[in-house]
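In: fold the following, please.
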Amino acid sequence: MRYSLSIIIGFFALACYSQKVGLVLSGGGAKGLAHIGVIKALEENGIPIDYITGTSMGAIIGSLYAAGYSPAEMEAIATSAEFQNWAFGKIPDEHIYYFKKKEADASWIDLKFNLDTTFSAALPTNIIPPHPMDLAFLQLLAQASARANYNFDSLFVPFRCVASDVYANEPVIFSEGDLGSSVRASMTFPFYFKPITIKGRLLFDGGIYNNFPIDVMIQQFKPDYIIGSAVSSNALPPSEDNLLLQLENMIVSNSNYEVPDSNGILIKPDVRLVKLMDFHMARELIQIGYGAAIAQINHIKRLIPIRQDTAEINLKRKWFRNSFKPLYFKNIYVSGLTYKQSLYLLKNFMYKKDTITFESFKKEYYKLIADDHIESIFPRAKYNEYTGYYNLFLNVKREKPFKARIGGIVSSDNLNGGFLGAEYKYLRKSAYSVYSNIYFGKFYSSLYSRIRIDNNIPFSYYWAAYLSLNRFDYYRGSSFIFYEDNRPLYILQSERMTGSDLGFPIKNQAKFVFGFQIFDFNYSYYQTIHFSAKDTADITNFYGYSPFICYERNSLNNINLPTKGHQLKIIVRYYDGQENYKPGSTSWASTLQKHLHSWYNIQIETNDFWQLTRKQSLNIQTHFVYSTFYQFNNYMATKLISPSFTPSIHSQSIYTDHLRNPSFIAGGVAWLFHFTNNIHLKLANYQFLPYEPIELNDNQLVIKNKEFGLPQTFFSGSLFFTNPVANISLSLNYYPWNPNKLFGQFNIGYLIFNRSAHP
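Out: Numbers count the residues shown, from 1 in each chain. Below is the predicted model of the structure:
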């Protein structure tokens with residue numbers, strides 16, 4: 001009797017042991033982070049996970065578990081600052097390569113052209129840059145892929161994920177190949193992320209055709225039990241005014257979110273109020289998923305009789321990961337470029353190096369992504385058992401050679417102006433670019449042309465030559481774009497300048513530049529406020545040359561209205577030239593005067609942001625100038641050639657004596673409130689302290705040597721919206737010394753000036 005009972009128990013145990021459990025994970029953007037909590041609850045309660053299928057975010061979470069990451073490690077990844085960078089395409093501050101950053105201009109829209117097309121404007125294919133995520137999948141999944149010999153059945157947990165081929169109108173199921181590439185294809189939601197090509201097929205998010213791959217689980221693995229975790233549902237019927245819901249209905253097919261009652265159970269975390277990109281809620285979402293699974297854990301235990309000890313799972317996981325090969329690269333293969341173009345790219349990676357670590361590759365990868373000759377680089381690694389290292393495959397897409405830029409600024413003030421730019425890029429062993437632009441408006445107009453050559457052997461550097469014509473009209477101007485104002489000029493500042501730079505990178509975020517400029521400044525002005533249309537203005541002309549050296553570090557995240565990052569700029573200049581003064585009808589002088597001048601000028605500018613809470617940050621700006629400059633012929637000319645402190649958009653658009661001096665110390669403190677990722681409020685207080693101040697006393701220019709002048713205080717408050725097209729801002733500015741004191745300003749666009757030799 002005992003012998004028969006033992007046989008029955010043995011057969012029952014064997015039957016239980018042979019039974020398998022499949023876990024199906026739906027897509028759902030940030031909502032899919034709840035899957036981590038579900039897996040955590042199942043593992044803690046000894047529920048085995050023998051197979052995983054997933055789509056989109058479900059593919060990401062499922063692939064991490066299949067690659068041997070524990071729930072605790074997955075939670076650490078999802079709640080890290082790095083994960084936020086991956087989700088939103090943000091390059092970490094330490095990897096922003098300022099040396100390759102394009103010159104700032106007022107562009108809103110870039111239109112790209114090929115040589116073989118008469119008009120082929122390249123519209124943006126994605127909102128979120130994919131580079132950080134592409135690199136993350138390589139880092140997180142390449143070793144597991146190699147350990148499984150690129151067969152997903154040999155991963156820590158057998159795995160499948162689903163992508164969509166929109167041309168063939170069908171889902172694509174991945175069971176082998178590069179795990180990172182497969183997952184990357186599965187989560188490529190249209191318009192958010194750039195699609196990738198695998199084996200000649202352009203692939204998008206698997207949720208387009210199958211957002212809950214339970215059918216894949218049944219067909220591929222045939223498990224005895226199925227646990228589903230669904231954080232999505234089919235789209236609601238669209239209304240006439242809901243464009244996003246209309247697009248979702250057109251793009252995404254309905255999926256089956258049911259599991260068989262006989263051998264399955266569906267876990268539905270309550271994430272109805274969570275948005276697609278709410279990745280900042282990672283901890284809360286994981287807890288929601290954990291709670292939803294725990295709420296059904298007794299039901300799951302009754303359905304699934306088999307158990308797996310947590311210690312046994314951890315031992316199996318450790319054994320799987322201990323056999324990972326270190327992520328070192330030996331050979332690099334480039335596709336998408338010609339041989340000579342590939343040399344330009346490879347110089348960054350392998351110059352005098354036999355192998356490269358992942359961290360070294362990461363650094364160089366972000367450098368190339370910053371290069372405006374390169375549109376994208378998709379990395380993939382494959383282990384080579386003969387060399388003992390990974391081969392690195394880089395699928396590179398070049399930027400289109402021609403680019404047209406359109407932009408400007410629309411303002412309630414006199415800043416209204418347009419911008420047009422054009423650029424041609426040529427890539428061989430070195431990178432060449434030719435760029436020109438024009439600004440046109442009442443306040444500011446300019447012409448600018450530049451040629452730049454980048455080289456990487458034996459080290460990175462660039463040489464540039466440029467020509468710039470600038471004109472500022474501080475008096476005449478109107479908020480009406482087509483209104484011609486014929487009032488006499490008050491201050492007209494113009495400049496002709498040509499120069500050359502030789503630049504070198506300093507680590508990632510900085511550059512060092514040696515430069516030389518030849519300039520011709522021209523100022524037209526009145527020395528009195530009492531003048532008529534019949535009067536003629538005074539004219540001061542100063543022409544000469546200016547060699548300089550400049551160190552600049554910059555990781556600010558916006559041109560005019562940054563909210564994050566740090567900036568340090570140090571520039572040392574020498575000026576030598578001749579001043580020519582031609583008096584006007586209101587001047588005390590009557591003859592042309594000439595003077596020779598030479599002086600040194602040192603400027604140090606900083607702009608730093610510190611995140612205090614998720615909704616608040618602190619901004620501190622400083623500007624220090626020391627000059628050996630003495631004076632020009634008169635007070636107005638001396639003030640016009642002097643450096644100015646203009647920390648806000650409005651202060652850059654007005655002329656005020658109070659914020660100009662050859663030497664000064666200035667700075668400001670601002671409090672920022674972040675209502676969303678794009679809407680911010682900035683409240684700022686600024687101080688300006690002139691050293692050896694220039695003053696006007698009884699129409700005579702007076703310089704107070706070796707002393708500081710009176711400090712000037714002014715305030716600025718602005719509510720602004722930043723977006724990929726153009727900034728939108730509403731500001732209120734208070735200048736106590738100005739008769740009007742309070743100035744409001746509404747702007748759409750960017751206030752950017754071309755290169756200048758002006759102090």
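In: every contact and neighbour count from this point should use C-alpha atoms.
Out: Fine.
In: show me the contacts for Y474.
Out: With contacts defined as C-alpha atoms under 8 Å, 6 or more residues apart in numbering, the neighbours of Y474 are 443, 490-492, 653-655.
In: from Y466, how far off is it?
Out: From Y474 across to Y466, the span is 26 Å (C-alpha to C-alpha, to the nearest Å).
In: again, but for Y426
Out: Here the distance between Y426 and Y466 works out to 18 Å (C-alpha to C-alpha).
In: then V259?
Out: According to C-alpha to C-alpha, V259 stands 67 Å off from Y466.
In: equivalent analysis for F212, please.
Out: For F212, the distance to Y466 - C-alpha to C-alpha - is 57 Å.
In: what strands flank the helix or strand where L23 lies, and is each parallel or antiparallel?
Out: L23 belongs to strand 21-25 when assigned by DSSP states H and E. Sheet pairing here is set by DSSP bridges, and for strand 21-25 it gives strand 51-55 (parallel), strand 225-229 (parallel).
In: I267: how many residues sit nearby?
Out: For I267, the tally of surrounding residues (other C-alpha atoms under 10 Å) stands at 21.
In: ugh, typo on my part, it should be Y51
Out: Every residue meeting other C-alpha under 10 Å relative to Y51 is counted, giving 25.
In: equivalent analysis for T338, please.
Out: A count of nearby residues for T338, using other C-alpha under 10 Å, gives 11.
In: ok, back up a step: and the contacts of the strand holding L23?
Out: Around strand 21-25, the neighbours that count as contacts under C-alpha under 8 Å, 6+ apart are 35, 48-55, 58-59, 62, 212-214, 217, 221, 223-230.
In: counting neighbours, which of these end up buried?
Out: For those, a neighbour count by 16 or more other C-alpha atoms under 10 Å gives the buried set as 35, 48-55, 58-59, 62, 212-214, 217, 221, 223, 225-230.
In: what sits against the residue nearest to R471 when sequence neighbours are not counted?
Out: Distance criterion C-alpha to C-alpha, 6 or more residues apart in numbering; nearest residue to R471, sequence neighbours excluded, is S494 at 4.2 Å. Counting by C-alpha under 8 Å, 6+ apart, S494 makes contact with 469-472, 521-523.
In: ok, L285 next?
Out: In this structure, L285 makes contact with 31, 33-34, 37, 271, judged by C-alpha under 8 Å, 6+ apart.
In: buried ones among those?
Out: Buried, going by 16+ other C-alpha under 10 Å: 31, 33-34, 37, 271, out of these.
In: state the pair within those residues that is farthest apart.
Out: Looking at the buried ones among the contacts of L285 by C-alpha to C-alpha, the two members farthest from one another are G37 and V271, with 12.7 Å of separation.
In: who touches both of those two?
Out: When C-alpha under 8 Å, 6+ apart defines a contact, the residues bordering G37 and V271 alike are 285, 288.
In: so in the chain, where's the weakest helix or strand by average pLDDT?
Out: Here the helix or strand of the chain ranked lowest by mean pLDDT, DSSP states H and E is helix 2-18, holding a mean of 45.
In: next, count neighbours for G291.
Out: The tally of other residues near G291 (other C-alpha under 10 Å) stands at 18.
In: what does the one 5 residues further on give?
Out: Other residues near Q296 number 13, with proximity taken as other C-alpha under 10 Å.
In: between the host helix or strand of E284 and strand 225-229, how many degrees?
Out: Using DSSP H and E, E284 sits in helix 282-295. Interaxial angle, helix 282-295 versus strand 225-229 (axes from the mean of the first three to the mean of the last three C-alpha atoms, to 10 degrees): 140 degrees.
In: ok now the next helix or strand after helix 282-295, how far from the chain's centre?
Out: Downstream of helix 282-295, the first helix or strand assigned by DSSP H and E is helix 297-303. Between the mean C-alpha point of helix 297-303 and the mean C-alpha point of its chain there is a distance of 46 Å (C-alpha atoms, centre = their mean, to the nearest Å).
In: in terms of secondary structure, what does helix 297-303 contact?
Out: Applying 3 or more C-alpha pairs under 8 Å, 6 or more residues apart in numbering; DSSP states H and E, one finds that helix 297-303 makes contact with no other helix or strand.
In: average pLDDT across whatever helix or strand comes next after that helix?
Out: Where DSSP H and E defines the elements, the next helix or strand beyond helix 297-303 is helix 310-322. Helix 310-322 shows a mean pLDDT of 93.
In: alpha carbons of helix 310-322, as CSV, please.
Out: What follows is helix 310-322 as a C-alpha-only set of coordinates in CSV (Å, rounded to 0.1, in the frame of the first residue of the first chain):
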residue,chain,number,x,y,z
THR,A,310,13.0,32.4,-4.4
ALA,A,311,16.4,31.3,-3.4
GLU,A,312,16.4,28.7,-6.2
ILE,A,313,15.4,31.5,-8.7
ASN,A,314,18.2,33.7,-7.5
LEU,A,315,20.7,30.9,-7.8
LYS,A,316,19.6,30.1,-11.3
ARG,A,317,19.7,33.8,-12.2
LYS,A,318,23.2,34.1,-10.8
TRP,A,319,24.4,31.1,-12.7
PHE,A,320,23.0,32.5,-15.9
ARG,A,321,24.6,35.9,-15.5
ASN,A,322,27.9,34.7,-14.3
